[in-house]
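> what follows is a predicted protein model with its sequence.
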Amino acid sequence: MKKLITAFIALLFLFAACQPAGQQKAATSGNDIEKRVEDLLSKMSLDEKIGQMNQYTSRWEMTGPAPANADSMFIYNMIKEGKLGSMLNVTGVAATRKVQKLAVDSSRLGIPLILGYDVIHGYKTIFPISLAEAASWDPEVAKLSAKVAADESAAAGLHWTFAPMVDVSRDARWGRVMEGAGEDPYLGSKMAYARVKGFQGDDLSAENTIAACVKHFAAYGFAEAGRDYNTVDVSEELLQNVIFPPFKASVEAGAATFMNSFNTLNGIPATGNVYLQRDILKGAWNFDGFVVSDWGSIGEMINHGFAADRKDAALKAITAGSDMDMEANAYIEDLKGLVESGQVKESLIDDAVRRILRIKFRLGLFDDPWKYCNEEREKTVLLSAENLAAAREVAKKSIVLLKNENNLLPLAKTGQKIAVIGELAASKDVPLGNWRAQAIPNSAVSLLEGIKAVAGEQNVIFAKGPDYVISARNFATKLKYNETDLTGLDAAVKAARSASVVVIALGEDCFQSGEGRSQSDISLKGLQQRLLEEVYKANKNVVVVLMNGRPLEINWMAENVPAILETWHLGSQAGNAIADVLFGDYNPSGKLPVSFPRSVGQMPLYYNHLFTGRPSGSEDVTLWSRYTDVSNSPLYPFGYGLSYTTFEYSNLHLSDTVLTANGEITVKVNLKNSGNRFGEEVAQLYIRDITGSIARPVKELKGFQKIGLNAGDNTEVTFKITTKDLEFFTKANGWKAEPGKFKLWVGTSSAEGLEADFVLK
Ligand code: BGC
């Protein structure tokens, strides 16, 4: 028996020795992982190391300019030769298994690929676009959405999502506003943290979690004039106080990877930016994961005039701390030469590879590269009833009620004819939004379907109105709108006339916002405004359901129609979620994560701006900081959103009016549901630092709580303030709270609230 056991143990050793490098025995602890990384690194040739830093897209799905070498065989050979460490846009168990098998079985060291994909707001079950989820002001909602997205992606063979996008943006012209959490660093940080946690869970190696990739580092959302990929020139104070916080929160949440960005930042492309990647991310924040470039962004440094040629670009990118090259071919072609000529030290390569391997180990890929390749799971997890229910839950919480005159909403479920109008109302595709991963085209519940399901087919008259988008609609095509053909207008007016209430869907096609979709005009496109005005002439009981990926200019609508519901692009369950709100089964609780402008000319528009030396004055005098043709204020402010009930704030009380260095002030306020139905309110705390060593914003969000109250009930809402909440960055002093006077507000939006004063000693 003893002999048998000895033989068995010997066999085990032999088996372990025959395993591809790095695949020996599962390890969980951080130390073990570090040991395994070093062990593997020591066995790798320079070519193999550089191979790990190379990433290609599949040749059958692309989310950027097509690569020169469009041949799948080319990719397969690169994998076998150990010249590819990662791929993007390979999805589904069958396809991912195929490429992974090549890496594990046919490359010399059998290092598994890390497979990434843009899972921005759902994989197959589509959740609201990220901007919409931020309107929930509920990080748990964003976390749930990310968790389901991770579960589905992992079940489809993926290890890694290029999300969350945490770029703060103050410019609705920028099409990528839809991918982020809006204009505020505090709300953005809460959402970023929740999303990273949702994707990664507590255990990156679990079969239902994937690595997050926080993007785009950094300042991409501040592109001049809102034009995608454009120049960014901002102060270090703005970077630290406004742009960095959601990135930093993501590192604190344990984000495995980062993506850099296309833009220049103060003259230096983010991809070649030492300050961003080495000093801040890997230095000050101690980030130990890896940084992937954006699509071709290493090569684009030549266009920026920052690199002379591809080799120079590779040199600048690796020096700055870009660890993996997405689709620029710069590392795989040029890094070796740079090492051989002594321009790049091999230790720099080692650092990058170490980081990449570390994440592969943490994902458990070496222990079981097939963990994510389970057809059974793929069949049961994707689009499960549970996931669709979660999508509906998240969607209804993302809706914002902008206007509701005379309580037109909620609608009665019976006893009235409802005219449903507009191309978007019947669309089963638009609600899926841009960056829709593996959504089945035309698979969303349309608004029309959602309304019919509640009110009954017989009580609904649908009229499409004039066509809206008349070109092909997809990720790559520039849209064309119908500006001339009025066919369908009369029928829409007739439908409106014959109904007691009109629900009209207006806004944007899903491919109207997103990457490369900047607009200089953000009013309603095509014949939508004309349709709205004609319909309104026929029937004043109009509810506008907005579907859009960015704030729009909607002055006429806001002035005239009695009810407006902001529904963004809500995903697979859009129609059901909107119907939940329209008919009062869910009382809307969302608040705007972005300011809605009166005019595109106000861009950039944001609530936490600085004062000017001439901040106000009567509307009639000229020499003040304002426009002569439009008010400074937004049409709808940040933090704004109505409910079917009403809330009253009273008795704002501070435990002390003096805050000491290590002390704390408790802020209490009474919140009452003064209406006649259950509702949820987001109580918001804003603070102004009256005087500082640099000018301070008029107010800044420092806390929020979502509270549900039954009709007539009230509760005491409590916030705590410590010195930490008052800290801000200056070049001279770093992060510091400066003694002096402060003002605070607690209320229902950034534009109103009860006010109190305190002093920091
Ligand atoms: C986008 C990234 C995206 C990448 C891969 C780029 O064009 O800027 O956000 O993750 O493509 O699809």
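Everything's here; your move. Here the structure is a predicted model, which is why all the values come from computation and not from measurement.

> quick check: residues of the stretch 51-200 of the chain near the ligand?
Contact residues, the stretch 51-200 of the chain versus the ligand (C-beta under 6 Å from any ligand atom): 63-64, 88, 118, 162. Every C-beta, even on glycine, is put in place using the N, C-alpha and C of the backbone.

> how about the chain?
Residues of the chain found near the ligand (C-beta under 6 Å from any ligand atom) are 63-64, 88, 118, 162, 215, 294-295, 515.

> could you find the lowest-pLDDT member of these?
Least confident by pLDDT among the residues of the chain next to the ligand: that is Thr63, with 83.

> thought that residue was touching Leu88?
Yes: Thr63 lies in contact with Leu88 (C-beta atoms under 8 Å); the separation is 7.4 Å.

> the more surrounded of the two?
Between Thr63 and Leu88, Leu88 has the larger neighbour count (other C-beta atoms under 10 Å), namely 25 against 16.

> overlap of the contact sets of Thr63 and Leu88?
Common contact partners of Thr63 and Leu88 (C-beta atoms under 8 Å, 6 or more residues apart in numbering): 57, 118.

> show me the residues of the chain next to the ligand that map onto strands.
Among the residues of the chain next to the ligand, the residues falling in strands (DSSP state E) are 88, 215.

> distance to Thr657 for the residues of the chain next to the ligand - can I get that in a markdown table?
Listed next are those as a markdown table, based on distance: C-beta to C-beta, whole Å:
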| residue | distance to Thr657 |
| --- | --- |
| Thr63 | 54 |
| Gly64 | 55 |
| Leu88 | 55 |
| Asp118 | 49 |
| Phe162 | 47 |
| Lys215 | 42 |
| Asp294 | 48 |
| Trp295 | 53 |
| Glu515 | 49 |
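
> can you name the two of the residues of the chain next to the ligand that sit furthest apart?
Leu88 and Glu515 (14.4 Å; C-beta to C-beta).

> which one of the residues of the stretch 51-200 of the chain next to the ligand is nearest to Gly305?
Checking those one by one against Gly305 (C-beta to C-beta), the nearest turns out to be Gly64, at 21.0 Å.

> contact partners for the closest one?
57, 295-296, 327.

> those residues: which two are farthest apart?
Top of the distance list for the contacts of Gly64 (C-beta to C-beta): Thr57 and Gly296, 10.2 Å.

> what do those two both touch?
By C-beta under 8 Å, 6+ apart, the residues touching both Thr57 and Gly296 are 64, 326-327.

> so how many other residues sit close to Ala751?
Ala751 is flanked by 18 other residues according to other C-beta under 10 Å.

> tell me where the stretch 401-550 of the chain has strands.
Secondary structure of the stretch 401-550 of the chain (DSSP state E, counting those that start in this stretch): strands at 418-421, 460-463, 501-507, 542-547.

> next one: the first one to chain centre, how far?
Distance, stretch centre to chain centre, for strand 418-421: 32 Å (C-alpha atoms, centre = their mean, to the nearest Å).

> quick one: the helices in the stretch 251-400 of the chain, in order.
With helices called from DSSP state H, counting those that start in this stretch, the stretch 251-400 of the chain shows them at 274, 300-303, 310-320, 330-340, 346-362, 375-381, 385-397.

> list phi and psi for the residue in the stretch 151-300 of the chain positioned nearest to the ligand.
Here the residue of the stretch 151-300 of the chain nearest the ligand is Phe162; by C-beta to the nearest ligand atom that distance is 3.5 Å. Backbone torsions of Phe162, given as degrees, to the nearest 10, read phi -90, psi 60.

> what's the burial count for it?
That count, for Phe162 with other C-beta under 10 Å as the rule, works out to 25.

> show me the contacts for the residue nearest the centre of the chain.
Residue closest to the mean C-alpha point of the chain, counted by C-alpha atoms, centre = their mean, is Gly180 at 3.3 Å. Neighbour list for Gly180: 130-131, 134, 165-169, 188, 221 [criterion: C-beta under 8 Å, 6+ apart].

> quick one: it and Ile79, what's the gap?
Separation of Gly180 from Ile79 (C-beta to C-beta, to the nearest Å): 34 Å.

> which stretches of this structure have low pLDDT?
Along the chain, segments meeting pLDDT under 70 span 1-28, 616-620.

> tell me how it divides into domains.
385-602, 647-760 (automatic domain parsing).

> which one of those domains is the most hemmed in?
Comparing those by mean neighbour count (mean count of other C-beta atoms under 10 Å), domain 385-602 ranks first with a mean of 21.

> now do the contacts for the one residue in the stretch 401-550 of the chain that gets nearest to the ligand.
Proximity of the stretch 401-550 of the chain to the ligand (C-beta to the nearest ligand atom) peaks at Glu515, 5.6 Å away. Residues in contact with Glu515 (C-beta under 8 Å, 6+ apart) are 175-176, 228, 434-435.

> parallel or antiparallel, list what pairs with the helix or strand harbouring Val667.
Element membership for Val667 (DSSP states H and E) is strand 665-673. Counting by DSSP bridges, the strands paired with strand 665-673 are strand 647-654 (antiparallel), strand 714-721 (antiparallel).

> ok, and what's touching that strand?
Strand 665-673 has contacts (C-beta under 8 Å, 6+ apart) with 645-657, 659, 679, 681, 683, 685, 707, 709-721, 744, 746, 754, 756, 758.

> returning to what we had before: same list, the contacts of Gly64, but as TSV with neighbour count and distance to Lys464 please.
Formatted as TSV, these follow (neighbours: other C-beta atoms under 10 Å; distance: C-beta to C-beta, whole Å):
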residue	neighbour count	distance to Lys464
Thr57	20	37
Trp295	23	37
Gly296	20	40
Glu327	23	40
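
> can you give me the end-to-end span of stretch 52-61?
By C-alpha to C-alpha, to the nearest Å, the extent of stretch 52-61 from end to end equals 21 Å.

> quick one: distance of that stretch to the chain centre.
23 Å.

> list the buried ones in it?
Neighbour-count burial for stretch 52-61, with 16 or more other C-beta atoms under 10 Å as criterion, is recorded at 52-59.

> residues contacting it, please?
Under the contact criterion C-beta under 8 Å, 6+ apart, stretch 52-61 has outside partners 44, 63-64, 67, 70-72, 75, 78, 83-91, 95, 111, 116, 292, 295, 323-327, 331-332, 335, 349, 352-353, 356-357.

> just stretch 138-145 next, same as before
Identification of contacts with stretch 138-145 by C-beta under 8 Å, 6+ apart yields 121-122, 127-128, 130, 133-134, 136, 181, 190-191, 193-195, 197-198, 390-391, 393-394, 397-398, 706.

> if we use 7 Å, what do you get?
Here stretch 138-145 makes contact (C-beta atoms under 7 Å, 6 or more residues apart in numbering) with 121, 127, 133, 190-191, 193-195, 197-198, 390, 394, 397, 706.

> now secondary structure too, for the residues you listed, in TSV please.
Shown next, in TSV, are these (DSSP: H, G, I helix; E, B strand; the rest coil):
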residue	secondary structure
His121	coil
Phe127	coil
Glu133	helix
Lys190	helix
Met191	helix
Tyr193	helix
Ala194	helix
Arg195	helix
Lys197	helix
Gly198	helix
Ala390	helix
Val394	helix
Lys397	helix
Lys706	strand
